[in-house]
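>>> Here is a sequence with its predicted model. Questions after.
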Amino acid sequence: MISINSLTVAYGGFTLLDDINFHISDNDRIGLVGKNGAGKSTILKLICGLQTPTSGKIAMPAGMRIGYLPQIMEHHKGKSVIDEAMTAFSDMFEKEAEIGRITEALAERDDYESKEYQELIIRMNDLTDSLSMQRSESPEVRAERTLMGLGFKYEELSRATETFSQGWNMRIELAKILLSDPDVLLLDEPTNHLDIESIEWLEGYLKEYRGAIVLISHDRKFLDNTTTRTVEIMLGHIHDYKVPYSKYMELRKERIAQQKAAYENQQRMIEKTEEFIEKFRYKPTKSNQVQSRVKALEKLERIEVDEEDRSVLAVKFPPAPRSGDMAFKASGLTVGYGSKVVFSDADIEVRRGEKVALVGRNGEGKTTLMRVITGELAPMAGEARIGHNVNIGYYAQNQEDILDKDDTVFGTLDRIAVGDIRTKLRDILAAFLFRGEDIDKKVAVLSGGERARLAMAKLILKPYNLLALDEPTNHMDIRSKDILKQALKSYDGTLIVVSHDRDFLDGLVDKLYEFRDGHVKEHLGGIQEFLDSRRIENLNELERHIRQEEKPEPDRIERKTAARDEYQTRKFVSREEKKVRNRISFLERKIEELERKMKEIEGILAAPGAQDDIMELTRTYLEDKRDLDAKTEEWASLVESIEE
């Protein structure tokens, strides 16, 4: 369907894409992967005709309809959400209008045998057949279902598009693309502005979509669930795998290992052959054998190992200074802007060392709570307080506005660094992949992924004991996200993170707060448990909606009310027990970590070296001992309460 032939894209002396070739078939589900700046977005722009290659060409059938969602786009104003989405059916509406015009023309004519009359009949039949295929159901129904699947509430569909944020307007554009039923979908990071439930809806939509899909995403699970083929871009070249992302990672390791083994075997053979040639070069009795092996070496097809881009982040957060047991606590918290309440009556508790995720639909208050935690926003009602000796490191979602575009990469860190850390700024920037001339780049020219890395580098400059991260993985490539996730898992402080990336949150957090319909609800456990519970909850809501018109008899109402009350009591007890068990598990992990750390210090104190600070080690040991005693006592108390 689409052929990419000998395509090269070069800028000055730098070659971004070097003689690449691949084919996109009718029902392909392709994930384009590679590091930030590898050329993924460029390929989509080339297919759309928005950019011209240096050499090579892209061939596709005439009249092919392409739906392209870029990372950054112009948003339309002046219409309601539903009216803007309905513009996706402009082609359908034009056909209906043309049928109306033809019908009027036929009614006014009586030259039934003329060629013109027959042509009008044929044209109307063609339009009617085309419309019957397009109008399998009402356009309004399709538009409403798609918009609501992408997270809009029904009552929001009549609101003007300009009253929504950029992220919500991106959803409108995505809805228009999906509704237009193109032959090929080109999606550049479509999940960046979607919440978890909208991502799952989009996955379901793409699985049923009839047509080719080429998408760029840094969400591993999204790629696994929506693609069947992975095209990797590395150092200007592509490697094509007919498998989803996770399987591609396994095959890629196997391919590189096989290449290296074959290369090493060939090198040993070449070395032995060259030794033979050198040894018997001047012996007449061996001349035929020598010449034969010389020719064999000349004809030998040399094995090459594919060059790999081994540059990766090297993130390690400084040890967290000790804080009070309670890192953040909110009681009866109501927050908003002006007279608008975002959420109300929220009770939130984050203890030292916990890793907590804030999840939910965009606009429900996750970032608003972050602003309360950092002191940027005062509550309307209730109480919100930071724990004793808590020092917050904040990563804001809107790096576009926070970073000074006129400053350089080095200057961004140099302005805020103090003390000895100033001598290590180049090393820190190198760890975040800013090397050589990169450190002199203006922030204005950095890509989204580069700005995310620079903002994260700022958090390394100072030892924080509470990291508040708002969408830290947006624009980060998959390898960088994996490394950041491991660094956060190893971080010994408290973490509060806003993210819609299921793979990133999986195994990282053990408690979630869901923001929904103006309220905040605590969920104990990991992200998968939360998603499973939400699916069940959605099914229950649907069942209640189906049965809401039933009118049960009075005695049945009383029995159902009593049963519901009993169930709610059991549910409350179960929830409290789960909360205690979750705390016990957390304490057991921390006790194990403290015991391991104290054992290491004991080993050093038993045989200290010249560089070891005995006083500092002893102070740390005693602090850990106090912490261990407190956690062990709390653990014993909780275990006893469960057994009772």
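Thanks, I have it.
>>> Going along the chain, name the strands of the stretch 401-550 of the chain.
In the stretch 401-550 of the chain, the segments counted as strands under DSSP state E, counting those that start in this stretch are 466-470, 494-498, 511-516, 519-524.
>>> should've said the stretch 101-250 of the chain
For the stretch 101-250 of the chain, the strands defined by DSSP E, counting those that start in this stretch cover 184-188, 212-216, 229-234, 237-241.
>>> Would you mind saying which of the ones you listed lies nearest residue 472?
strand 212-216 (18.9 Å; CB to CB). All C-beta spots, glycine's among them, are computed from the backbone N, C-alpha and C.
>>> I'd like to know the average pLDDT value across that closest one.
Regarding strand 212-216, the rounded mean pLDDT is 94.
>>> Also stretch 497-507?
Averaged across stretch 497-507, pLDDT comes to 89.
>>> which parts of it are buried?
Residues of stretch 497-507 classed as buried under the neighbour-count rule (16 or more other CB atoms under 10 Å) are 497-505.
>>> Pick the one among these closest to residue 258.
For the buried residues of stretch 497-507, the nearest to residue 258 is residue 503 (27.7 Å; CB to CB).
>>> Pull the contacting residues for that closest one.
Listed by CB atoms under 8 Å, 6 or more residues apart in numbering, the contact set of residue 503 reads 219-221, 481.
>>> Quick check: the gap between it and residue 170.
Residue 503 sits 21 Å away from residue 170, going by CB to CB, to the nearest Å.
>>> Repeat that for residue 499.
Taking CB to CB, one finds residue 499 at 18 Å from residue 170.
>>> count of neighbours near residue 484?
By other CB atoms under 10 Å, 22 other residues sit near residue 484.
>>> Does it touch residue 473 like I think?
Yes. In this structure residue 484 lies within contact range of residue 473 using CB atoms under 8 Å: 6.9 Å.
>>> what's the helix or strand for residue 290?
Assigning secondary structure by DSSP states H and E places residue 290 in helix 287-299.
>>> quick one, which of the strands of the stretch 401-550 of the chain is nearest to residue 595?
Among the strands of the stretch 401-550 of the chain, strand 494-498 comes nearest to residue 595, with 20.6 Å by CB to CB.
>>> Could you name the helices and strands sitting against the closest one?
Contacts defined by 3 or more CB pairs under 8 Å, 6 or more residues apart in numbering; DSSP states H and E place strand 494-498 against strand 326-337, strand 340-351, strand 355-360, helix 366-373, strand 466-470.
>>> List the pairing partners of that strand within its sheet, with orientation.
Note on strand 494-498: by DSSP bridges, its sheet partners are strand 355-360 (parallel), strand 466-470 (parallel).
>>> Touching that strand from outside, list them.
If you take CB under 8 Å, 6+ apart as the criterion, strand 494-498 is touched by 320, 323, 327-328, 350-359, 366-367, 370, 373, 390, 397, 465-472, 488, 505, 508-509.
>>> Name the residues of stretch 363-379 that come out as buried.
363-374, 377.
>>> same check, this time on stretch 83-98
Neighbour-count burial for stretch 83-98 [16+ other CB under 10 Å]: 84-86, 88-89, 92, 95.
>>> ok, now stretch 396-415?
396-397, 399, 403, 409-410, 412-413.
>>> So of these, which two are at opposite extremes in space?
397 and 410 (24.1 Å).
>>> Low-confidence stretches in the stretch 1-150 of the chain?
132-137 (pLDDT under 70).
>>> element containing residue 630, please.
Residue 630 belongs to helix 614-643, assigned by DSSP H and E.
>>> what's that helix packed up against?
Contacts defined by 3+ CB pairs under 8 Å, 6+ apart place helix 614-643 against helix 554-606.
>>> Return the mean pLDDT over the helix it packs on, rounded to an integer.
The average pLDDT within helix 554-606 is 69.
>>> next one: stretch 403-411
Mean predicted lDDT for stretch 403-411 stands at 87.
>>> do you know how far residue 441 is from residue 476?
From residue 441 to residue 476 the distance is 18 Å (CB to CB).
>>> So those two - more neighbours on which side?
Taking residue 441 and residue 476 together and counting by other CB under 10 Å, residue 476 has the greater number of neighbours (22 against 15).
>>> Verify the stated contact: that one with residue 455.
No. The pair residue 476 / residue 455 is not scored as a contact, 10.7 Å apart, by CB under 8 Å.
>>> Residues contacting stretch 430-443, please?
Outside stretch 430-443, the residues touching it (CB under 8 Å, 6+ apart) are 311-315, 403-410, 412, 426, 429, 450-451, 453-454, 456-457, 460.
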